[in-house]
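1. return atomic coordinates for the entry below.
(one chain, ligands or ions: 1)
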Amino acid sequence: MNFELPKLPYQYNELAPFIDALTVEIHYDRHHRAYANNLNNALAKYPEFVNGKTVEEILADVNSIPADVRQLVINNGGGFVNHNLYWSILTPNGGGKPNGALLEAINKTFGSFESFKEQVDNAAKTVFGSGWAFVVVNKEGGLEVVKSANQNSPISDGKKPILGIDVWEHAYYLNYQNKRPDYIAAIWNILNWKEITRLFEEATK
Ligand code: MN
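-> Below is the predicted model of the structure:
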């Protein structure tokens, strides 16, 4: 086991009513765990390739991944790191707005927090099929909102994600059914700005 599923930093029921307990349980304990297991299985025969690398380091250079497991690692390594990010940037006592350097960068790039929020919402709403909306720090150190299909990680495009909204149906369907915009609106009540700010500072230092 190279890559271990991180512990969920709260109980299954603590994100309710914004994300219900059963959705969190199935999403974490089955979907996220399956990405971790599948990633480990895919890389089991390549210990000399892994050689202490993090999943982030592996995804940053997908062409170096052994060809016969490359797509498996893109899918499941992406699924692993995307969900590590997702759970870490949610919290029962979340919401509100960031401050300090992150708020300044948001205002500089998007004009205002409200216009930033609108761009993130639009990206998340318009992912066609399964995928993600991410806020990333790009190679120039600037903020960007990007969409991603499947479990593709922005890390493979040289970008550092600091916020990710999972819009696969498994993230919301039990409670919200087809109403993806309602799930996206709810997410803002449980965003962990302290962790998002920490990731921003780490990505821009
Ligand atoms: Mn998911």
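2. only C-alpha atoms for contact and neighbour calcs from this point on.
-> Fine.
3. residues contacting the residue nearest to Y86 when sequence neighbours are not counted?
-> Once flanking residues are discounted, Y86 sits nearest to G164: 5.7 Å by CA to CA, 6 or more residues apart in numbering. Taking CA atoms under 8 Å, 6 or more residues apart in numbering, we find G164 in contact with N82, L85, Y86, I89, W132, A133, F134, V135.
4. could you give the mean pLDDT of the lengthiest helix in the chain?
-> Criterion DSSP state H: the longest helix present in the chain is helix 70-88. Looking at helix 70-88 alone, the average pLDDT works out to 98.
5. helix or strand right after that helix?
-> The helix or strand immediately downstream of helix 70-88 is helix 100-110, counting by DSSP states H and E.
6. and D29, how many residues sit next to it?
-> Per other CA atoms under 10 Å, the neighbour tally for D29 reads 14.
7. avg pLDDT for whatever helix or strand V120 lives in?
-> Assigned by DSSP H and E, V120 falls within helix 113-126. Averaged over helix 113-126, pLDDT sits at 98.
8. what's the helix or strand following it in contact with?
-> Counting by DSSP H and E, the next helix or strand C-terminal to helix 113-126 is strand 131-137. Applying CA under 8 Å, 6+ apart, the contact partners of strand 131-137 are 120, 123-124, 127, 143-152, 154, 159-168, 200, 203-204.
9. low pLDDT regions in the protein?
-> Low-confidence regions of the chain, defined by pLDDT under 70, span residues 1.
10. re the thing from before, whichever of the contacts of G164 end up buried, select them in ChimeraX.
-> The ChimeraX selection below is limited to those of the contacts of G164 classed as buried (16 or more other CA atoms under 10 Å):
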select :82,85,86,89,132,133,134,135
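11. wait, which of the contacts of G164 is closest to I196?
-> Taking CA to CA as the measure, I196 lies nearest I89 of these, at 6.1 Å.
12. for the closest one, give me its contacts.
-> Applying CA under 8 Å, 6+ apart to I89 gives the contacts L163, G164, L191, N192, W193, E195, I196.
13. how distant is stretch 103-115 from the center of its chain?
-> Computed by CA atoms, centre = their mean, to the nearest Å, the separation of stretch 103-115 from the middle of its chain amounts to 21 Å.
14. quick one, domains of this structure?
-> Residue ranges for the domains of the chain, per automatic domain parsing: 20-88, 100-203.
15. and N2, which of the ones you listed is closest to it?
-> Each of those has some distance to N2 by CA to CA; the shortest is domain 20-88, at 6.2 Å.
16. list the helices and strands the helix or strand harbouring E57 packs on?
-> According to DSSP H and E, E57 maps onto helix 55-59. With contacts taken as 3 or more CA pairs under 8 Å, 6 or more residues apart in numbering; DSSP states H and E, helix 55-59 sits against helix 70-88.
17. relative to strand 131-137, how tilted is the helix it packs on?
-> 70 degrees (axes from the mean of the first three to the mean of the last three CA atoms, to 10 degrees).
18. since that was my last question, I'll sign off now.
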